[in-house]
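Q: Return a 3D structure for these sequence lines:
(2 chains)
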Amino acid sequence: MDTRFGGASAGLLQRLRSTRIGVADLREVADRLLPALATSRLRLDLVQRPGAGSVVVLEEDERIVRVHLSDLAEQMTRAGVPPTTPAISAALSSWVAHRPVTDAAAATGGIAVLDWSDAAQTAVGWRVVVRRGELALPWTPVRTAGGAEVHRTRSAAIGRAHEVTLDLRAEGPVALWSHPTVPLLATAALVAPERMIQTIAAAGLAMPDMQVVVTPHRPVACAGPGIAARLAGETTEASVTLPWRRLADLTWI
Amino acid sequence: MSALPAGEPGPQVLVPHWLAGADREQLAAVVRAALVEADVHPVATIHLEDVLTELHVAAARDLVWPASAARVRLATGWDDDVLPVRLSADELASLLALSALPDTLRDRLHGGAGR
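A: Predicted coordinates for the structure are as follows:
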C-alpha cells in the first residue's frame, strides 16, 4: 500500500468507482500549496514544459525529485485519494513530507532503528531515520558518500537512539516496548539491549536470555526463548525473532 | 518417511479459541486456583502453567499484530475484547479435566476454533 499520500483513502467502494484525480485539479492545488510548503532549503517548483506536461521538482540539498504531474495524479488515484481539493491538498502535503532525507538532516537528527532489509520482510537491519512530525523517514546514503561520513552519521544516530523515550508494558512474561507517536521508533531501544534487560528486570521480569520479536512499525516484544517462539510462531504476520546478543551483528541498510 | 527422529513428538498444533476479556479472566482464575491445589498431576500442572502463559501471550500478540484478529472480529461482529487464545491438545485436555471449570467456558473451549 502506498502510504506517501497519508491516510486519506477514499475507501474500497470509491476506489471501485474509479474516481480519478484530474491533472488540472492537482495543478490548481500544487500552484497554491507548493510555495507555502517551501523553506529556505527546500525548493518546490512546478515546471511547465511545452508539449511534455508539467513536472514537479522538489530540491533539498543534494536530493532532487522530479515527477510528472500526470504520474503524481495517477499515483494518488491508485492510492485512493478522494478527488476533492482538501483531500488532494492533504495528499500533496503528505507526499512532500515523505521526500528523501538529506545527508545534513541525517547527520544532525538521525536516529538508529531496525527496519525491513528486504522486500519480502524476512530480515531486519539497522537504518538511520529522521523524524518529520509523526513520520520517521529513512535515510539512504548517496553512492558517492564517503565511508567516514556515513560512519559518523550512523554512530550519531545510535547515540540519539539511546535518548528515545519509549513506553514499557508488561503482559505477563512478555515485555512490550512502543513509541507513543512514531511506531518505527519502538526499535530504537534495541541499540542498548542490556539496558532493556535491566529496565525489564526492574519492572519485575527477569529475562537474562531475552529474545526480541521485531516487526518494524509495531511494538517490540521481549520474552524468554520459549515464550517468544510461542508469540511469533502463531501469527501469520511477518516478524523476526532473535537473541539480544545478535542485535549488534545486524548490518546497516 | 518422517523428517522427525522416531519416538520424538513434533511440536503440537495450537488451535485458536476465541475468548472475550471476561472469559479469559475467569479462565485464568480457575487455572490459578487449580495450580495451588495438591491433587493436580505434575504433567497437568505444566500444561496449566502454559495456559496461563498463553493467556498473556494472546494479549501481547494482539498488541503487536492487531490486524488479523481485528479482521475476524469485523467479519463475525464479535466485541473488541475477543481474542484468539491458542492451545495445544494437551493444554486443552488439562483444562477440560478441571472439575471447577464453569460450563460456559467448557462449552466455549469445546467449540474448537469457533466461539
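Q: Residue A:20 against residue A:77, yeah?
A: Yes: the criterion here is Cβ atoms under 8 Å, and residue A:20 meets it with residue A:77 at 4.9 Å. C-beta: built from backbone N, CA, C; applies to glycine.
Q: Excluding sequence neighbours, find me the nearest residue to the residue in chain A that chain B sits nearest to.
A: Nearest residue of chain A to chain B: residue A:172, at 2.5 Å (Cβ to the nearest Cβ). Nearest residue to residue A:172 in three dimensions, chain neighbours excluded: residue B:56, at 2.5 Å (Cβ to Cβ, 6 or more residues apart in numbering or on different chains).
Q: can you list the residues of chain B near chain A?
A: B:14, B:52-57, B:59-61, B:63-65, B:67-68, B:86 (Cβ under 8 Å from any Cβ of the partner chain).
Q: Which ones among those residues lie within strands?
A: Mapping these onto strands (DSSP state E) picks out residue B:86.
Q: If any of the residues of chain B next to chain A are buried, put those into a ChimeraX selection.
A: Under the burial definition 16 or more other Cβ atoms under 10 Å in any protein chain shown, those of those that qualify are selected in ChimeraX by:
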select /B:14,52,53,54,55,56,57,59,60,61,64,65,86
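Q: which among the residues of chain B next to chain A gets closest to chain A?
A: Out of these, the member with the shortest distance to chain A (by Cβ to the nearest Cβ) is residue B:56, at 2.5 Å.
Q: Next one: that closest one, what pLDDT does it get?
A: Per-residue confidence at residue B:56 stands at 97 (pLDDT).
Q: Residue ranges in the stretch 1-150 of chain A under the pLDDT threshold?
A: A:1, A:7-18, A:145 (pLDDT under 70).
Q: Ok, chain B next?
A: Applying pLDDT under 70 to chain B picks out residues B:1-11, B:111-115.
Q: what are the ranges of the strands in it?
A: B:15-19, B:83-87.
Q: what's the most buried one of the ones you listed?
A: strand B:83-87 (a mean of 22; mean count of other Cβ atoms under 10 Å in any protein chain shown).
Q: Put the alpha carbons of that one into PDB.
A: The C-alpha trace of strand B:83-87 is given here as PDB (Å, rounded to 0.1, in the frame of the first residue of the first chain):
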ATOM      1  CA  LEU B  83      -9.000 -12.700  21.200                       C
ATOM      2  CA  PRO B  84      -7.700 -16.000  19.900                       C
ATOM      3  CA  VAL B  85      -6.200 -18.000  22.800                       C
ATOM      4  CA  ARG B  86      -4.100 -20.700  21.100                       C
ATOM      5  CA  LEU B  87      -4.000 -24.000  23.000                       C
END
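Q: what sits up against that strand?
A: A:234, B:14-19, B:24, B:27, B:51, B:54-55, B:58-59, B:61-62, B:69, B:72, B:95, B:109 (Cβ atoms under 8 Å, 6 or more residues apart in numbering or on different chains).
Q: Note down every partner strand of it and its orientation.
A: strand B:15-19 (antiparallel) (DSSP bridges).
Q: distance between the ends of stretch A:207-214?
A: 17 Å (Cα to Cα, to the nearest Å).
Q: Could I get the buried residue list for that stretch?
A: Those would be A:207, A:210-214, for stretch A:207-214 by 16+ other Cβ under 10 Å.
Q: go on, stretch A:67-76?
A: A:69-70, A:72-73, A:75-76.
Q: just to revisit the earlier point, turn the strands of chain B into a markdown table, columns for distance to residue A:27.
A: Formatted as a markdown table, the strands of chain B follow (distance: least, Cβ to Cβ, whole Å):
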| stretch | distance to residue A:27 |
| --- | --- |
| strand B:15-19 | 51 |
| strand B:83-87 | 49 |
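Q: Among those, single out whichever gets nearest to residue B:38.
A: Minimum separation from residue B:38 across the strands of chain B (Cβ to Cβ) falls at strand B:83-87, 24.3 Å.
Q: Closest one of the buried residues of stretch A:207-214 to residue A:194?
A: Of those, the one sitting nearest to residue A:194 (Cβ to Cβ) turns out to be residue A:210, at 9.4 Å.
Q: Show the end-to-end separation of stretch A:176-193, please.
A: Its first and final residues considered, stretch A:176-193 spans 13 Å by Cα to Cα.
Q: same question, stretch A:60-74
A: 24 Å.
Q: do stretch A:221-237 as well
A: 14 Å.
Q: So the residue nearest to residue A:172 versus residue A:3, what's the distance?
A: According to Cβ to Cβ, to the nearest Å, residue B:56 and residue A:3 sit 32 Å apart.
Q: Contact residues of chain A facing chain B?
A: Near chain B, when you scan chain A using Cβ under 8 Å from any Cβ, you find A:169, A:171-174, A:176, A:213, A:215, A:218-219, A:221, A:223, A:227, A:230-231, A:234-237, A:239.
Q: If any of these are buried, give me the PyMOL selection for them.
A: A single PyMOL command is used to select the members of those judged buried by 16+ other Cβ under 10 Å:
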select buried, chain A and resi 171+172+173+174+176+213+215+218+219+221+223+227+230+231+234+235+239
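Q: Kindly tell me how buried residue A:23 is, as a neighbour count.
A: 18 (other Cβ atoms under 10 Å in any protein chain shown).
Q: right, I mislabeled it, should have said residue A:226
A: For residue A:226, using other Cβ under 10 Å, the count is 12.
Q: in a strand, that's where it is, yeah?
A: No: applying DSSP: H, G, I helix; E, B strand; the rest coil, one finds residue A:226 to be helix, outside a strand.
Q: quick one: contacts for residue 31?
A: Answering for chain A, as no chain was given. residue A:46.
Q: Not quite, go with chain B.
A: B:48, B:51-52, B:95, B:98.
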